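Enquirer: What would the 3D arrangement of this be:
(one chain, ligands or ions: 1)
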Amino acid sequence: MAGLPYIVGNWKMNGTRGMLAEARAMDRAAARFPKVQVAVAPPATLLYRVRDAVELIGVGGQDCHAKESGAFTGDISAPMLKDAGADFTIVGHSERREYHGETDADVKAKAEAALAAGLAVILCVGETEAQRDAGNAEAVVSAQLDGSCPHFDGAPEKLSVAYEPVWAIGTGRVPSIADVAAMHAAIRNRLVGIYGEGGADVRILYGGSVKADNAAELLAVPDVGGALVGGASLTAESFLAIVGAAASLNT
Ligand code: PEP
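Expert: Just a heads-up that it's a prediction; the model follows:
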C-alpha cells in the first residue's frame, strides 16, 4: 500500500468563521508531523476561507453533484469545489446515502465527476448494524464497492476508500480490531478485483468513532491507511492527538 497515513477531518454541518482558528492550529501543528498527510473537509461555506487560512494541510468538500453545472438548486459541482480551492471531496458518506437517498450509481457518478475535475476522491462504504448482525457486512460492502467505485486509471493517491460502519459513526462504538482487519482485507481484495494491480495501492481509511484513545490501535491494523474522523476533528486538540498517533506509528 502506497503513501503516508492519511488523517482526514470531516466537519459535517458544523462550523462558521470561528472555526478558522481550529484550522489554522491544525495547519501549524501539521508541520510537526511530516510523515502524516492531514486534511479537513469543512462545510462548503468555509471551504474557500479554510483554503486561504492553511498552507500544509489538504482541504476538501464533503459531497459534490455529478453534473458540472445546471438547474440543481442548493447543489455544488466538482468544478466549483476545485475553484474554491478543494484538493479532494468525500463522496458516498452514509449520511448522504441515508438522508439524501444516494444510490451506488449516484456515488459512482459523483466520484467520476470529481476525478474529472481534478479532485482526489474519498469514497465511503459501510454496513448498517442490522446488516452486520445478519452476517452480511462483507457482502454489503463488496456490493457497494462494485456499484460505486469510479472508472479510474489515475495515480493511486487520487482515490481512497473509507470503510465506515454506519453503526460506529458518532456513537462511540467501534468494531473489534479483528473485524476491522477482516473488512479491510476484504475491501483490498475487492479493489484488486475491480482495478487489478492498481487496487493494491488505493488507500483504505477506517472511519467511525476514531478518537485519541483508540486511534493507535486502529491505525496499526494491516491495510488501514488512515482515518476519516468526524466528531474528534472539530477541535485542533482532539484531531491532532489522532494525527500524533498516526505519526508515532510511522517513524
Ligand atoms: C464520519 O462521519 O465520517 C465519522 C467518522 O464520524 P465520527 O468520527 O464522529 O464517528
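Enquirer: and Ala200, how many neighbours does it have?
Expert: With neighbours defined by other Cβ atoms under 10 Å, the count for Ala200 comes to 14. Glycine gets a C-beta too; all of them are placed from N, C-alpha and C.
Enquirer: and if you look at the one 3 residues further on?
Expert: If you count neighbours by other Cβ under 10 Å, Arg203 ends up with 22.
Enquirer: ok, now which ones touch the nearest residue to it once chain neighbours are set aside?
Expert: Of all residues beyond its chain neighbours, the one nearest Arg203 is Gly225 (3.7 Å), with distances taken as Cβ to Cβ, 6 or more residues apart in numbering. Applying Cβ atoms under 8 Å, 6 or more residues apart in numbering, we find Gly225 in contact with 1, 3, 5-6, 160, 203-205.
Enquirer: And for the helix or strand harbouring Ile204, what's in contact with it?
Expert: Counting by DSSP states H and E, the element that carries Ile204 is strand 203-207. Contacts made with strand 203-207 from outside it, assessed by Cβ under 8 Å, 6+ apart, are listed as 1-3, 6, 8, 10, 122, 124, 126, 156-157, 159-164, 168-169, 180, 184, 187-188, 191, 218-219, 221, 223-230.
Enquirer: Beyond it, next helix or strand please.
Expert: On the C-terminal side of strand 203-207, the nearest following helix or strand under DSSP H and E is helix 212-219.
Enquirer: the inter-axis angle of that next one versus strand 203-207?
Expert: Taking axes from the mean of the first three to the mean of the last three Cα atoms, to 10 degrees, one finds helix 212-219 and strand 203-207 inclined to each other by 150 degrees.
Enquirer: Centroid-wise, who is the farthest residue in the chain?
Expert: Within the chain, Ala71 marks the point farthest from the mean C-alpha position, 27.8 Å out by Cα atoms, centre = their mean.
Enquirer: Confirm that one sits in a strand?
Expert: No. For Ala71, which was evaluated using DSSP: H, G, I helix; E, B strand; the rest coil, the result is coil, with no strand membership.
Enquirer: which residues of the stretch 101-250 of the chain fall in helices?
Expert: With DSSP state H, counting those that start in this stretch, the ranges of helices along the stretch 101-250 of the chain come out as 104-116, 129-133, 137-148, 177-195, 212-219, 236-249.
Enquirer: Mind putting the ones you listed into CSV with distance to the ligand?
Expert: Formatted as CSV, those follow (distance: least, Cβ to the nearest ligand atom, whole Å):
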stretch, distance to the ligand
helix 104-116, 15
helix 129-133, 14
helix 137-148, 15
helix 177-195, 13
helix 212-219, 11
helix 236-249, 10
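Enquirer: Turn those helices into a markdown table, including mean pLDDT and mean neighbour count.
Expert: Formatted as a markdown table, the helices of the stretch 101-250 of the chain follow (pLDDT from 0 to 100; neighbours: other Cβ atoms under 10 Å):
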| stretch | mean pLDDT | mean neighbour count |
| --- | --- | --- |
| helix 104-116 | 98 | 21 |
| helix 129-133 | 98 | 15 |
| helix 137-148 | 98 | 19 |
| helix 177-195 | 97 | 17 |
| helix 212-219 | 97 | 18 |
| helix 236-249 | 97 | 20 |
